[in-house]
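K.L.:
here is my input; please provide its structure:
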Amino acid sequence: DGGKARRPLVPIDYTEEEEAAVADVPLYARERERERVTALNAARQLVARIPTDEGELFAFEIGWAQLEQAGVIEAKLRPWVGKKMIEYLGDEEDTSDMVDFVVQALHGHSPATEISEQLSMVLDDDAHVFTVKLWRMLIFESLSLGPAGGEAPPASS
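P.N.:
Numbering: from 1, shown residues only. Got it, this is the predicted structure:
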């Protein structure tokens, strides 16, 4: 055995204040997890409201005023468009004009088909896929702003 002598273990005595602080952590963590699950479920419900049919998707009534007022186009869509353009085109420097074009089209409330048509000159077949994804994101953000954020147009008879 000839090694070092071991010191006896001494229990740590926590103050009431320290114990109270530790007792709150699991409650706080459970509440945070509950909030996260609630937010995730709300997002899933919004996604379920986004049309899957392309005609309905592109005809969806976007809450442009709410998107503009909330700054969504610049804060959320511009970075997303930039990331997608880098995926499609490669170099970040080559994408800035494309990003500006798409963002300006959104600020101008251009129809999805028009954006897709214009982008097809550069993105070819990817333009359509990109526009569908863009419109789904646009609708999601519009719906997330509340009831006035956007809605599907009434069905025509």
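K.L.:
now the element after the longest helix belonging to the chain, going C-ward?
P.N.:
As assigned by DSSP state H, the longest helix anywhere in the chain is helix 16-49. Later in the chain than helix 16-49, the nearest helix or strand by DSSP states H and E is helix 54-59.
K.L.:
coming back round to it: let me see the mean pLDDT of the longest helix of the chain.
P.N.:
Helix 16-49 shows a mean pLDDT of 80.
K.L.:
for the chain, which spans come out with low pLDDT?
P.N.:
Scanning the chain for pLDDT under 70 picks out 1-3, 22-28, 92-93, 147-157.
K.L.:
run through who's touching stretch 71-83.
P.N.:
67, 92, 95, 98-99, 102-103, 106-107, 134, 137-138, 141, 145 (C-beta atoms under 8 Å, 6 or more residues apart in numbering). Bear in mind the C-beta positions are built from the backbone N, C-alpha and C, glycine included.
K.L.:
ok, now with 10 Å
P.N.:
Taking contacts as C-beta atoms under 10 Å, 6 or more residues apart in numbering, the residues outside stretch 71-83 that touch it are 63-64, 66-68, 70, 92, 95-96, 98-104, 106-107, 130, 133-134, 137-138, 140-142, 144-145, 149.
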